[in-house]
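**Q** give me a model of this one.
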Amino acid sequence: MVTRAVSVRRSASTPGDLAALRNLTSINRLSDEERALVRRLCVFQEVVPAGQAFDPDGRAASPRLILSGWACRQRILADGQRQIFGFLLPGDSMGLSLHPRPLDETTVIALTRVEYVDALMLREILALQDPRHDRLRRALATSRRYEEACLLNHVVRLGRQSAQARLAHLLLELRDRLQRAGLCTSDRLHLPLTQETLADALGLSLVHVSRTLGQMRRQRLIAMQSGWVTLLDEAYLRAASDYGVDEHALH
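**A** As a prediction, this is how the structure comes out:
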């Protein structure tokens, strides 16, 4: 059973809202008042160490906004195997929908040290339907739709794609998401995931993931060094994985 870590509350010494604001403004241009609301929310941050759950088992996700670090939504089977449904990156939110979604019932685990803010007050403010916060409300709703579109892509990855296509598609998706939050360049991204985590996300064995990554490096499709991945041949990766950014889900 996964237990929740005791979070440490601290005052932010540097702005922790940049990824969140970049992510939201890439979807919808926020007003100065809406940007100030997000900044006020980010004054106090909490921390969950790597490997710990955000909430006790069986409880729906509390409203949160991730400022730094990586987390995942997952389910552990009776035999101990893990299936990862998707990753939560800096700028992503959880539990902000007024009506709980099935995704909010999944266990969320910190894959790295994660800094986040409690967004319960934000959810209550948005529930008032104040026209001054319409853009922010729409941006968060669009972000949730995009997460659901990514889940549909994940189903296709698991059900119909080869190991190389699965890895290529996931890397391109993560690159696009990080780029919207201003956290990577067009061809290089930080990937703080173990091969075991990739295997649990893509429905592959650890050996298969290792072999496929090695093949992609030898083919000069990607380069990997010290937790960084460089996309050397994006055109090939796109074609091989049938990748197309779900821009329709972001509007």
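**Q** and the protein, what are its domain boundaries?
**A** Domains of the chain are assigned by automatic domain parsing as 17-152, 163-248.
**Q** could you tell me the least trusted of those?
**A** Among the domains of the chain, domain 17-152 carries the lowest mean pLDDT, at a mean of 91.
**Q** just how off-centre is that domain within its chain?
**A** On the basis of C-alpha atoms, centre = their mean, to the nearest Å, domain 17-152 sits 9 Å off its chain's mean C-alpha point.
**Q** next one: stretch 203-222
**A** Centroid displacement of stretch 203-222 relative to its chain, using C-alpha atoms, centre = their mean, is 22 Å.
**Q** tell me the pLDDT of residue 158.
**A** Predicted confidence (pLDDT) at residue 158: the value is 97.
**Q** buried ones in stretch 191-209, by neighbour count?
**A** By 16 or more other C-beta atoms under 10 Å, the buried positions in stretch 191-209 come out as 191, 193, 197, 198, 199, 200, 201, 202, 203, 204, 209. Backbone N, C-alpha and C define where each C-beta goes, glycine included.
**Q** how about the last one, what does it touch?
**A** Residue 209 makes contacts with 163, 167, 195, 198, 199, 202, as judged by C-beta atoms under 8 Å, 6 or more residues apart in numbering.
**Q** at 6 Å what do you get?
**A** 195, 198, 199 (C-beta atoms under 6 Å, 6 or more residues apart in numbering).
**Q** mind telling me what element it is part of?
**A** Following DSSP states H and E, one finds residue 209 within helix 206-218.
**Q** send the alpha carbons of that helix over as CSV?
**A** Provided in CSV are the C-alpha atoms of helix 206-218 (Å, rounded to 0.1, in the frame of the first residue of the first chain):
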residue,chain,number,x,y,z
LEU,A,206,12.0,-3.4,-18.9
VAL,A,207,14.2,-5.4,-21.3
HIS,A,208,12.1,-4.3,-24.3
VAL,A,209,12.3,-0.6,-23.3
SER,A,210,16.1,-0.8,-22.9
ARG,A,211,16.5,-2.6,-26.3
THR,A,212,14.2,-0.2,-28.1
LEU,A,213,15.9,2.9,-26.7
GLY,A,214,19.3,1.5,-27.7
GLN,A,215,18.0,0.9,-31.2
MET,A,216,16.6,4.4,-31.5
ARG,A,217,20.0,5.8,-30.4
ARG,A,218,21.9,3.6,-33.0
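**Q** neighbours of the closest residue to residue 18 other than its chain neighbours, how many?
**A** Setting aside the residues directly before and after it, residue 18 is nearest to residue 182 in space (C-beta to C-beta, 6 or more residues apart in numbering), at 6.8 Å. Look at residue 182: counted by other C-beta atoms under 10 Å, it has 15 neighbours.
**Q** and what of the one 4 residues further on?
**A** In terms of burial, residue 186 registers 10 neighbours under the definition other C-beta under 10 Å.
**Q** wait, a strand at it?
**A** No: according to DSSP: H, G, I helix; E, B strand; the rest coil, residue 186 belongs to no strand; its state is coil.
**Q** quick revisit: narrow the contacts of residue 209 to those in helices?
**A** Applying DSSP state H to the contacts of residue 209, the entries found in helices are 195, 198, 199.
**Q** ok, these vs residue 153, which is closest?
**A** Checking the ones in helices among the contacts of residue 209 against residue 153 with C-beta to C-beta, the nearest one is residue 198 at 15.8 Å.
**Q** cool, thanks, signing off.
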